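>>> okay, predicted coordinates and the sequence, questions at the end:
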Amino acid sequence: MIDEQTIIDVMPETLVAETRKLCEQGYRLVQICATRLGEELQMDYSFDLNRKFVNFRFLLPKLGGRVPSITGVFFCAFTYENEISDLFGVQVEGNALDFKGNFYTTAMKHPFIQDAVPASVPAPAKPGVQ
Amino acid sequence: MGQRTIIPFGPQHPVLPEPIHIDLVVEDEKVIEAVPSIGFIHRGLERLVEKKDFVEFVYVAERICGICSFIHGQTYCQGIEEIMKLEIPSRAKYLRTIWGELSRIHSHLLWLGLMADAFGFESLFMHSWRVREQVLDLIEATTGGRVIFGSCKVGGARRDITPEQMTWLLKQLEVVEKEMHLIVDVFMNDSSVKHRLCGVGVISKADAISLGAVGPTLRASGVADDMRLLKYAAFGELDFEPISRTEGDSYGRCAVRCAELFQSVDLIRQAAAKIPAGEIAVKVTGTPSGEFFSRVEQPRGEVVYYIKGNGTKNLTRFRARTPTFANVPPLVKMLGGCELADVPVLVLTIDPCISCTER
C-alpha cells in the first residue's frame, strides 16, 4: 500500500459540518467523485493533509439525489459540484458558483447515469437490409 | 467607479493551444472578476472502462493527455496493482521513475517556451523548445514513442533500457542540462522577464491550500507538498525533497518549474545508479476487485485516479481528477484584480492542460 486511505461514512446532512472540521484542521479538498452503483450513487469527498488521505462517503438515489454544497467551506468545490450536477444529475443546493447545467457541453443530459447505449439511439442497420 | 465591461477570453485565443473560456469583468484595464467555463471538448473517456478490458484500458489512460501521457498510464497501472496486490519488480519501478522524470523535464520545457511566447520573448521560446526536442529524442530512443510512450503496463514495464542506452542517456542529459542552465538563467535573471512575472498573480499560502491548488502552483506559495513524497515507484529509495518558493507570484511558479528541471535530472541520475537488474514485469492473473485512490505527481501537480473494480474484466468506475481541474479555482482568484494585459501570462502560470481536464 502506497498510502493509508481512510474512508469515513457520513450523512449528507452532516457533510458540511464534517467538512468544516477538516478545513479547520488544515486539510485541503482533493476531489469530489460520484460513482454509479446500480440504482444508487456513491458520493466521495476526498481531503488531504500532508499526504494523509481522508475520504467522506455516502449513498444517494441515482435519480433526484440532493446534496448540500460545501463551497461555503471550500470555494474550490464549485468545479466538482458543477461536474457531478452535469454528468450525474445530482442536485447541489447552495453552490456558490452554479453554472446551472452548463459547466460541460454534453450530447445528452446527465450522461454518466445513462445506460451504455441509450434507448433513443437506434441500432445501426445491417448491410443489405432495408 | 468606472464602467464595467465583460470581455470574453477564449476559447479561441492566440495564447491558448486548447479551449478554455473566461468571462473577464473589467473596469478600465483592471479585471474585477473572472468566471471560467470549460467543457467544450469533454470526451467522457472515464466511461470507456465499461467497454474496455482493464488491462487494455492503460492505452486509453495514456491518451488522456499528450504531454504527461506516461504518468497517466503509470497512475492507472499503479491503482490496478494496488487493488490486485501485485508487487511489481524493482527494476520496473525504476524504469517508471526515469520515464516519469523525463516527462516532467519535457513538460516543463514546453511550458517555459509557451510562457516566453506569451510575454513576447520569441527567441527564448524557440530555445526552450529546441532543448525539449533533445529530451523527446531521449524518450523516443528508450521507449519508441515521443508522445505516447506505451512502455507502462499493468504488472510492470513493457520495455527495458539496456546498459548501453542508459550510458548514452546520461551522457545526453549532461548536454541537455548545460542547455537548460542557459535558458533558466534568462528566465530567472532577465529584467524584462522579471518585469512581467514578479508580483503578478500572487496567491498566499492560505489561499493556495483553501483553493485546492496543486503542483508548482501550490509549491510556489510556500507549501512543500509533492505526491512523490508518497514514495511510489522508486521514490522511496531516492534522495528527494520538494522544491518550494514563498513568493506565490508568477515568478515563483516559474522558479519552481525551473528548479524542478534540474531536480528531475538528478533523480534520473540517482535512479540510473541504483536500478537493479532483473525482470521488468510480473504476470497478471485474475481481475481487480476493490477500490483505490491512486495519486501521482504529474508535471502540473497531483493527479488522482479513483478506480473501482467488481471482479470482472471491466471496471465499475474510473475517475480522473487532473491537476489543471484543481488549479482552475486558484486561477480565478489570481485573475481578480490583475491588469488585463497580464491575463494571458496568468492563465499560463498554472500550466493549463485542457486535454487532461476534458478527459
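Okay, I see it.
>>> would you map the strands across the stretch 51-200 of chain B?
Listed in chain order, the strands of the stretch 51-200 of chain B (DSSP state E, counting those that start in this stretch) span residues B:152-153, B:156-157.
>>> cool, and chain A?
All strands of chain A, identified by DSSP state E, fall at A:5-9, A:28-37, A:40-49, A:52-61, A:66-68, A:91-93.
>>> and chain B, which of these is closest to it?
Of all the strands of chain A, it is strand A:28-37 that lies closest to chain B, at 4.0 Å by C-beta to the nearest C-beta. Glycine gets a C-beta too; all of them are placed from N, C-alpha and C.
>>> which positions within that closest one qualify as buried?
For strand A:28-37, burial by neighbour count (16 or more other C-beta atoms under 10 Å in any protein chain shown) applies to A:28-36.
>>> got the residues of chain B near chain A?
Proximity of chain B to chain A, by C-beta under 8 Å from any C-beta of the partner chain, involves residues B:35, B:37-40, B:42, B:44, B:46-47, B:50-51, B:78, B:82, B:209-212, B:225, B:227, B:229-232, B:292-295, B:302, B:304, B:306, B:308, B:316-317, B:319, B:321, B:325-326, B:328-330.
>>> quick one on the thing from earlier: mind putting the strands of the stretch 51-200 of chain B in TSV, mean neighbour count and mean pLDDT included?
Supplementary listing: the strands of the stretch 51-200 of chain B in TSV, determined by neighbours: other C-beta atoms under 10 Å in any protein chain shown; pLDDT from 0 to 100:
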stretch	mean neighbour count	mean pLDDT
strand B:152-153	26	90
strand B:156-157	25	92
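>>> what is the biggest helix by length in chain A packed up against?
Selection of the longest helix in chain A by residue count, based on DSSP state H, yields helix A:77-88. Applying 3 or more C-beta pairs under 8 Å, 6 or more residues apart in numbering or on different chains; DSSP states H and E, we find helix A:77-88 packed against strand A:28-37, strand A:91-93, helix B:323-335.
>>> before we move on, the earlier item: can you narrow the buried residues of strand A:28-37 to ones near chain B?
A:28-31, A:33, A:35-36.
>>> can you list those in a markdown table and add pLDDT?
Formatted as a markdown table, those follow (pLDDT from 0 to 100):
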| residue | pLDDT |
| --- | --- |
| A:Arg28 | 92 |
| A:Leu29 | 94 |
| A:Val30 | 94 |
| A:Gln31 | 94 |
| A:Cys33 | 93 |
| A:Thr35 | 92 |
| A:Arg36 | 90 |
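>>> circling back: state the mean pLDDT of the longest helix of chain A.
For helix A:77-88, mean pLDDT is 91.
>>> distance between that helix and the chain's centre?
For helix A:77-88, the separation from the chain centroid amounts to 6 Å (computed by C-alpha atoms, centre = their mean, to the nearest Å).
>>> please enumerate residues in contact with it?
Helix A:77-88 has contacts (C-beta atoms under 8 Å, 6 or more residues apart in numbering or on different chains) with A:29, A:31-34, A:36, A:41, A:43, A:67, A:69-71, A:90-92, A:95-99, A:101-104, A:106, A:110-113, B:39, B:325, B:328-329.
>>> could I have the buried ones of the residues you listed as PyMOL selection syntax?
Buried members of the contacts of helix A:77-88, defined by 16+ other C-beta under 10 Å, are picked up in PyMOL with:
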select buried, (chain A and resi 29+31+32+33+34+36+41+43+67+69+70+71+90+92+95+97+98+99+103+104+106+110+111+112+113) or (chain B and resi 39+325+328+329)
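>>> residues contacting B:Val175?
For B:Val175, the contact set (C-beta under 8 Å, 6+ apart) comprises B:Gln134.
>>> ok, now A:Thr6?
Counted by C-beta under 8 Å, 6+ apart, A:Thr6 has contacts A:52-55.
>>> which one is A:Gly64 nearest to, not counting chain neighbours?
Nearest residue to A:Gly64, sequence neighbours excluded (C-beta to C-beta, 6 or more residues apart in numbering or on different chains): A:Gln91, at 7.3 Å.
>>> please name the bridge partners of the one you found.
A:Arg66 (DSSP bridges).
>>> pLDDT at the nearest residue to B:Ser37 once chain neighbours are set aside, what is it?
Distances taken as C-beta to C-beta, 6+ apart place B:His21 nearest to B:Ser37, at 4.2 Å, with adjacent residues excluded. For B:His21, the pLDDT comes out at 85.
>>> my guess is B:Lys205 meets B:Ala220, correct?
No - assessed by C-beta atoms under 8 Å, B:Lys205 is found out of contact with B:Ala220, at 10.0 Å.
>>> residues that sit against both of these two, list them.
Both B:Lys205 and B:Ala220 are contacted by B:Gly248, under the criterion C-beta under 8 Å, 6+ apart.
>>> looking at the two, which is more packed in?
Between B:Lys205 and B:Ala220, counting by other C-beta atoms under 10 Å in any protein chain shown, B:Ala220 is the more crowded of the two (29 against 15).
>>> show me the contacts for the residue nearest to the more buried one when sequence neighbours are not counted.
Counting by C-beta to C-beta, 6+ apart, B:Ala220 lies nearest to B:Gly252, which is 3.6 Å off, once chain neighbours are set aside. By C-beta under 8 Å, 6+ apart, the contact list for B:Gly252 reads B:220-221, B:245-246.
>>> got a pLDDT number for B:Gly252?
Looking at B:Gly252, the pLDDT reads 94.
>>> same check on A:Met43?
94.
>>> same thing with A:Ala116?
In this prediction, A:Ala116 carries a pLDDT score of 64.
>>> where does pLDDT dip in the chain?
Defaulting to chain A. A:1-2, A:116-130 (pLDDT under 70).
>>> I was after chain B.
In chain B, residues with pLDDT under 70: B:1.
>>> let's go with 80 and repeat that
Low-confidence segments of chain B, defined by pLDDT under 80: B:1-2, B:10, B:13-18, B:39-42, B:44, B:46, B:354-358.
>>> now do the contacts for the residue nearest in space to the middle of it.
In chain B, the residue lying closest to the centroid (C-alpha atoms, centre = their mean) is B:Pro299, at 2.5 Å. By C-beta under 8 Å, 6+ apart, the residues touching B:Pro299 are B:67-68, B:71, B:103-104, B:107-108, B:111, B:215, B:351.
>>> residues contacting the closest residue to chain A within the stretch 1-150 of chain B?
As assessed by C-beta to the nearest C-beta, chain A sits closest to B:Gly39 within the stretch 1-150 of chain B, at 3.4 Å. Contacts for B:Gly39 (C-beta under 8 Å, 6+ apart) come out as A:86, A:103-106, B:358.
>>> tell me which element B:Ile6 falls in.
For B:Ile6, the host element (DSSP states H and E) is strand B:4-9.
>>> work out the gap between whichever helix in chain B runs longest and the centre of the chain.
For chain B, the longest helix by residue count, based on DSSP H, is helix B:90-118. Counting by C-alpha atoms, centre = their mean, helix B:90-118 is centred 8 Å from the centre of its parent chain.
>>> likewise stretch B:69-79?
With C-alpha atoms, centre = their mean, you get 12 Å for stretch B:69-79.
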